[in-house]
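Participant: I would like to see how this sequence folds:
(4 chains)
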There are 2 protein chains.
Amino acid sequence: MRPVTLKDVALRAGVSPKTVSRVINGELHVRPEVRAAVQRIVDELDYRPNAFARSLSSSRSYLLGLFLDDPGSGYAADLQLGALMRCRERSYHLVVEPLDITAPNWAGQIIDSIRALRLDGAILTPPICDSEALLDLLDSEGLAYVRISPRGDATRSGLIEMDDRSAAREMTEHLIGLGHRHIGFIKGDPAHSVSLKRFEGFTDAMTAAGLTLRPGDVREGDFSFRSGLRIGEEMLGGTAFPSAIFASNDDMALGVLITAMRLGIGVPDRLSVAGFDDAPTSRAAWPQITTIRQPKGEMAAGAVDILVDPSYRASPTSAHFRRLLDYELVDRLSTGPNTRDGSSQRS
Amino acid sequence: MRPVTLKDVALRAGVSPKTVSRVINGELHVRPEVRAAVQRIVDELDYRPNAFARSLSSSRSYLLGLFLDDPGSGYAADLQLGALMRCRERSYHLVVEPLDITAPNWAGQIIDSIRALRLDGAILTPPICDSEALLDLLDSEGLAYVRISPRGDATRSGLIEMDDRSAAREMTEHLIGLGHRHIGFIKGDPAHSVSLKRFEGFTDAMTAAGLTLRPGDVREGDFSFRSGLRIGEEMLGGTAFPSAIFASNDDMALGVLITAMRLGIGVPDRLSVAGFDDAPTSRAAWPQITTIRQPKGEMAAGAVDILVDPSYRASPTSAHFRRLLDYELVDRLSTGPNTRDGSSQRS
DNA sequence: CTGAAAGCGCTTACAG
DNA sequence: CTGAAAGCGCTTACAG
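Facilitator: From the prediction side, this is the model:
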């Protein structure tokens, strides 16, 4: 029951180990008939190359790391799924590494993983993808990385992003198009760069429409359901609350939605609620939440593609490795026409 | 910038490579002063052993596989998080492998991973942990595995489980204690062994209380939110619907809850709804759903502990490696006293 | 197009 | 308690 090795195949096929190596790696310069003969023995013996031996001699690991700040989140789960599937297609494997850059020894932990596993590349997610210290560390370790949705001024690596600003603008325009004039906004966790982008998109549209904001119309959450609940209470507690609230993600939008129901404020009759992400919760809510679909799986898959591209290490900042993916506004039942009169909507 | 190797440390410390190896692996039989001296050099050079070289010569990989049927589910995410954290504590790494045993070439895929990565062990989750074909395959590959919540008659490996039957009985008793006599039940996906256990717990309690079921009181879902929605409509569409519905998981309970709201049936005033899992959705709903907390993270962490235990391979079926974890009934606002009269509750 | 040699960085026996 | 030798299963130069 000793596993079959390269040598076994070579012996049986009557060629050198090197030739077998060429065949299994799909290298050129092997006579077709030799290639076919070797391949037959490989199939017959059900030979699988030992990844460790391969890694040891080639210093490639066929392992990609997915570094996650919050591995329990739905966002992380979606990214991971996309990365996982693409890795499989490309014969890579994915190692998931939780990384808390606020912990005292975060650097030591990550160095352990990098050196021990000899990762071929890493996918960096928000908000850790914006840590200069982390990028410096990876650079000094010589580890290639691709960032997902990094801060706008980022030019240090390949990246995959979505135009969060434009998406938020579009959602705001959608609400304005429904007749809403007094629109509240809930910002996300300021540690995430998308929080600012989404807010900017919101103000872009408000300004363009000549609408002004009153104190209390913009509040800061942290992307959690709980913060949506709290802010919902703050915003809806008084009398002159907005006719629409746009939350920077679905979890917070859900918090607002539930608070509205609890307070007997009909959605979308008296209040429209919009979110961002197209998280499962946005569909599980009632009414279902109007949101922006973010192609999270594709983003992660794209990151894998870039890392696996042999030319990436040579020119990581090439435009070819900076990809912008499309979003989509998903219009559902939590938003509707403004039916409340416009009397006190303007400041 | 060549990485520091064992040899470098040995040279610098003036000892043989083998001695350094002993020190970094915490083996006995090294003089304390030698050990200290070597350790100093290790720290000084910030040496990290190359996992591939180690694996190649020792045939251990320090890699554990988490085999997941549905990597996108919240259940999978919770398990993974628990496994990830425990792996880190134990200096192992986790490789997540999606595995669809209904796909044509599932066996080939998984063999690739096992042989290429030389996994030290695997964690098997429902429902794939009940596939005889998979277990046979792993046995023939010599890969140690631990199963999470396998079918009750399972004696082929270590396992971690929860008493689903007793938990479902307790929840049913809770509803009966609230005065409910006409209770509906929604079964889970029959491919998952817990579905049957939960249903048995339900009937245990109903029988013990002398309550009978009418046609249509028990329906079969598939654990999805969508199936909860559909079954909710079926059950609540008529006039004499139950005063309480117990769904086999939270996603389906949420589907029922939302259907009730849509139909204007107050929860918990006119209908109590109970779930199972303590999924995030159960807390994000309004009213929050009464459910059973399942220690998913702990279950996965326990599986890691077992796989890492050196004595596991020798006696995988020892009682020590069959662990039963506690659950907890979480009483929230979706359940309340039965306020509807008992006129037509009995058949 | 094909192969013989050396080496990747560890650990496993085996000595002493 | 410590070390010299061999080997894990591949790939990388280098020849031819």
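Participant: And chain A, split by domain according to the record?
Facilitator: A:6-49, A:60-162+A:296-325, A:164-294 (automatic domain parsing).
Participant: So which residues of the stretch 151-300 of chain A form strands?
Facilitator: Remark: strands assigned in the stretch 151-300 of chain A by DSSP state E, counting those that start in this stretch are A:158-162, A:183-187, A:218-220, A:244-247, A:272-274, A:291-293.
Participant: still on that earlier bit, quick one: closest of the domains of chain A to DNA strand D.
Facilitator: Evaluated over the domains of chain A, closeness to DNA strand D peaks at domain A:6-49, with 2.8 Å, by C-beta to the nearest atom of the strand. Bear in mind the C-beta positions are built from the backbone N, C-alpha and C, glycine included.
Participant: So which residues on the stretch 51-200 of chain A come close to DNA strand C?
Facilitator: Within the stretch 51-200 of chain A, the positions near DNA strand C by C-beta under 7 Å from any atom of the strand are A:Ala53, A:Leu56, A:Ser57.
Participant: Could you give me the PyMOL syntax to select whichever of these are buried?
Facilitator: Buried residues among those (16 or more other C-beta atoms under 10 Å in any protein chain shown), as a PyMOL selection:
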select buried, chain A and resi 53+56
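Participant: closest to B:Asn249 out of the domains of chain A?
Facilitator: The stretch from those with the least distance to B:Asn249 (C-beta to C-beta) is domain A:164-294; that distance is 12.6 Å.
Participant: how about that closest one against chain B, any contact?
Facilitator: Yes. Counting by C-beta under 8 Å from any C-beta of the partner chain, chain B has neighbours in domain A:164-294: A:225, A:251, A:254-255, A:258, A:261-262, A:280-281, A:283-286.
Participant: Now the two most distant members of those residues.
Facilitator: By the measure C-beta to C-beta, A:Arg262 and A:Pro280 form the most distant pair in the residues of domain A:164-294 next to chain B, at 21.9 Å.
Participant: Same drill for these two, tell me which one is more crowded.
Facilitator: Applying other C-beta atoms under 10 Å in any protein chain shown to A:Arg262 and A:Pro280 shows that A:Pro280 carries more neighbours, namely 19 against 14.
Participant: ok, the nearest residue to the more buried one once chain neighbours are set aside - how many residues close by?
Facilitator: Distances taken as C-beta to C-beta, 6 or more residues apart in numbering or on different chains place A:Gly74 nearest to A:Pro280, at 6.3 Å, with adjacent residues excluded. For A:Gly74, the count of nearby residues is 20 (other C-beta under 10 Å).
Participant: For DNA strand C, see how far away A:Gly74 is.
Facilitator: Counting by C-beta to the nearest atom of the strand, to the nearest Å, the separation of A:Gly74 from DNA strand C is 39 Å.
Participant: List the contacts of that residue.
Facilitator: A:Ala279, A:Pro280, A:Thr281, B:Gly74, B:Ala77, B:Pro280 (C-beta atoms under 8 Å, 6 or more residues apart in numbering or on different chains).
Participant: Could you double-check that A:Arg156 lies in contact with A:Thr317?
Facilitator: Yes. Taking contacts as C-beta atoms under 8 Å, A:Arg156 lies within contact range of A:Thr317: 7.4 Å.
Participant: Neighbour count: the two, which is higher?
Facilitator: A:Arg156 (17 against 12).
Participant: Retrieve the pLDDT associated with that one.
Facilitator: For A:Arg156, the pLDDT comes out at 87.
Participant: do the same with A:Asp153
Facilitator: You'll see A:Asp153 listed with a pLDDT of 64.
Participant: Please report phi then psi for A:Gly238.
Facilitator: phi -80, psi -160 (degrees, to the nearest 10).
Participant: Check A:Thr102 too.
Facilitator: According to degrees, to the nearest 10, A:Thr102 has phi -100, psi -10.
Participant: just to revisit the earlier point, any chance of the strands of the stretch 151-300 of chain A in CSV with distance to A:Val15 and mean neighbour count as columns?
Facilitator: Output for these, formatted as CSV (distance: least, C-beta to C-beta, whole Å; neighbours: other C-beta atoms under 10 Å in any protein chain shown):
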stretch, distance to A:Val15, mean neighbour count
strand A:158-162, 39, 24
strand A:183-187, 64, 26
strand A:218-220, 67, 16
strand A:244-247, 64, 31
strand A:272-274, 64, 30
strand A:291-293, 52, 24
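Participant: Dump these into a markdown table; add distance to DNA strand D as well.
Facilitator: A markdown table is the format used below for the strands of the stretch 151-300 of chain A (distance: least, C-beta to the nearest atom of the strand, whole Å):
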| stretch | distance to DNA strand D |
| --- | --- |
| strand A:158-162 | 23 |
| strand A:183-187 | 48 |
| strand A:218-220 | 51 |
| strand A:244-247 | 50 |
| strand A:272-274 | 51 |
| strand A:291-293 | 41 |
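Participant: what ranges do the helices span in the stretch 101-250 of chain A?
Facilitator: Assignment of helices within the stretch 101-250 of chain A using DSSP state H, counting those that start in this stretch yields the ranges A:106-117, A:132-141, A:164-177, A:193-208, A:225-236, A:250-262.
Participant: residue ranges with poor pLDDT in the stretch 201-347 of chain A?
Facilitator: Scanning the stretch 201-347 of chain A for pLDDT under 70 picks out the ranges A:341-347.
Participant: Please say whether there is contact between stretch A:12-29 and chain B.
Facilitator: No. Stretch A:12-29 lies apart from chain B when judged by C-beta under 8 Å from any C-beta; the minimum separation is 11.6 Å.
Participant: Stretch A:43-62 too?
Facilitator: Yes. Stretch A:43-62 lies within reach of chain B by C-beta under 8 Å from any C-beta, at A:Asp46, A:Arg48, A:Pro49, A:Asn50, A:Ala51, A:Phe52, A:Ala53, A:Ser55, A:Leu56, A:Ser61, A:Tyr62.
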